[in-house]
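1. predicted model, plus sequence, below.
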Amino acid sequence: MNAAQAFRALHHGREAGDPLVLPGPWDAVSARAFADAGFPALATPSAGVSAALGYEDGGHTPPDEMFAAIARIVRAVDVPVSADIEDGYGLAPREIVERLLEAGAVGCNLEDSDPAAKRLKDPRRHADLMAEVRAEAGDRLVVNARVDTFLRAGRGGRGSGDRRGDGGATAAEAAIERGRLYVEAGADCVYPILAPPELLGELAAGIGAPVNAIAVPGGPSPRELGALGATRVTFGGGLQRRIADQVRDLAQQLRTG
């Protein structure tokens with residue numbers, strides 16, 4: 001069993017309330033801290049890594065810098081690392097796979113909206129990208145298909161009752177339709193980012209594959225998200241932002257002390 005196969009296996013056979021929790025390191029130090037705490041795998045967030053590199057999230061980070069940062073994180077730990085590479089930075093599927101494998105990643109996030117235009121992409125074209133990535137990667141990468149129907153308010157819909165989404169569908173219906181397409185194309189997991197927690201069970205049942213939920217401050221805990229239907233829980237750039245806030249507080253204390 002290769003590293004990606006072992007990581008893939010962590011997504012299956014889980015009990016409700018026991019999701020795969022993947023903290024999001026943004027550099028080697030944070031990666032070591034999460035690995036030392038006993039987490040079985042990690043998942044880099046594009047927002048956190050971009051912030052650590054001095055860029056805004058959303059397609060502003062040069063791919064060379066992102067893949068180099070991923071490689072440094074991978075080298076720092078002995079657990080599998082999946083990488084958020086936004087929408088693939090316009091790279092060809094073969095290059096996406098080659099660069100992920102060169103960095104040592106065992107998986108990736110691929111989102112289905114354009115980070116610059118902040119609009120959903122055509123789902124069938126995105127499914128074609130997924131299929132090409134899967135064909136190039138074989139079983140060497142775990143592909144997490146991020147679905148942005150809940151994220152793009154007014155450009156794809158937000159909320160289960162919003163009918164501004166694909167073809168007049170609600171955001172949940174559109175997420176299920178897109179998620180099924182991506183699974184058929186070879187995705188291992190589907191990530192309907194910012195989906196209301198109460199919809200996770202419906203989404204998981206409709207998509208028919210492991211579902212990734214995001215844990216946010218003030219929201220349900222990872223265990224609660226698991227009980228609601230999530231197989232996998234990640235944190236986006238939230239953990240890096242919390243540490244950045246603590247550094248700002250420390251800086252103020254140093255400045256005024």
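-> All right, it came through fine.
2. got the end-to-end distance for stretch 103-114?
-> Terminal residues of stretch 103-114 lie 24 Å apart, using CA to CA, to the nearest Å.
3. do the same with stretch 79-87
-> Taking CA to CA, the span from the opening residue of stretch 79-87 to its closing residue is 25 Å.
4. any idea of the mean pLDDT in that stretch?
-> Here stretch 79-87 scores 97 as its mean pLDDT.
5. host element of the residue most central in space within the chain?
-> Nearest to the mean C-alpha position of the chain, by CA atoms, centre = their mean, lies Asn109 at 4.7 Å. Applying DSSP states H and E as the criterion places Asn109 in strand 107-111.
6. pLDDT below threshold where in the stretch 101-250 of the chain?
-> 153-168 (pLDDT under 70).
7. would you map the strands across it?
-> Per DSSP state E, counting those that start in this stretch, the stretch 101-250 of the chain carries strands over the ranges 107-111, 113-114, 119-120, 142-147, 189-192, 212-214, 232-234.
8. got a list of contacts for the fifth one?
-> Strand 189-192 has contacts (CB atoms under 8 Å, 6 or more residues apart in numbering) with 11, 109, 142-147, 149-150, 175, 179, 182-183, 203, 207, 209-212, 214, 231-232, 234. Heads up, the C-betas are built off the backbone N, CA and C, glycines and all.
9. CA-only coordinates of that strand in CSV, if you can.
-> Taking C-alpha atoms only, strand 189-192 is exported to CSV below (Å, rounded to 0.1, in the frame of the first residue of the first chain):
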residue,chain,number,x,y,z
CYS,A,189,-14.0,13.0,-1.5
VAL,A,190,-16.3,16.0,-2.1
TYR,A,191,-15.9,19.3,-0.2
PRO,A,192,-19.1,21.5,-0.3
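10. re earlier: adding distance to Arg99, write the strands of the stretch 101-250 of the chain out as a markdown table.
-> A markdown table is the format used below for the strands of the stretch 101-250 of the chain (distance: least, CB to CB, whole Å):
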| stretch | distance to Arg99 |
| --- | --- |
| strand 107-111 | 10 |
| strand 113-114 | 20 |
| strand 119-120 | 25 |
| strand 142-147 | 15 |
| strand 189-192 | 21 |
| strand 212-214 | 22 |
| strand 232-234 | 21 |
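11. neighbours of Gly193, how many?
-> Quick fix: residue 193 reads Ile, not Gly. Neighbours of Ile193 under the rule other CB atoms under 10 Å: 19.
12. so who does it touch?
-> By CB under 8 Å, 6+ apart, the residues touching Ile193 are 111, 146-148, 150-151, 214, 236.
13. which non-adjacent residue is nearest Phe39?
-> Excluding the flanking residues, the one nearest Phe39 by CB to CB, 6 or more residues apart in numbering is Pro23, at 5.7 Å.
14. SS state for that neighbour?
-> Of the three states, Pro23 takes coil under DSSP: H, G, I helix; E, B strand; the rest coil.
15. quick one, what contacts it?
-> Pro23 is in contact with 34, 39, 42-43, 235, 239, counting by CB under 8 Å, 6+ apart.
16. 7 Å - rerun?
-> 34, 39, 42, 235, 239 (CB atoms under 7 Å, 6 or more residues apart in numbering).
17. got the contact list for the residue nearest to the centre of the chain?
-> When contacts are counted by CB under 7 Å, 6+ apart, Asn109 is found next to 84-85, 144, 146, 191.
18. residues touching the closest residue to it other than its chain neighbours, list them.
-> Nearest residue to Asn109 in three dimensions, chain neighbours excluded: Asp84, at 4.2 Å (CB to CB, 6+ apart). By CB under 7 Å, 6+ apart, the contact list for Asp84 reads 43-46, 109.
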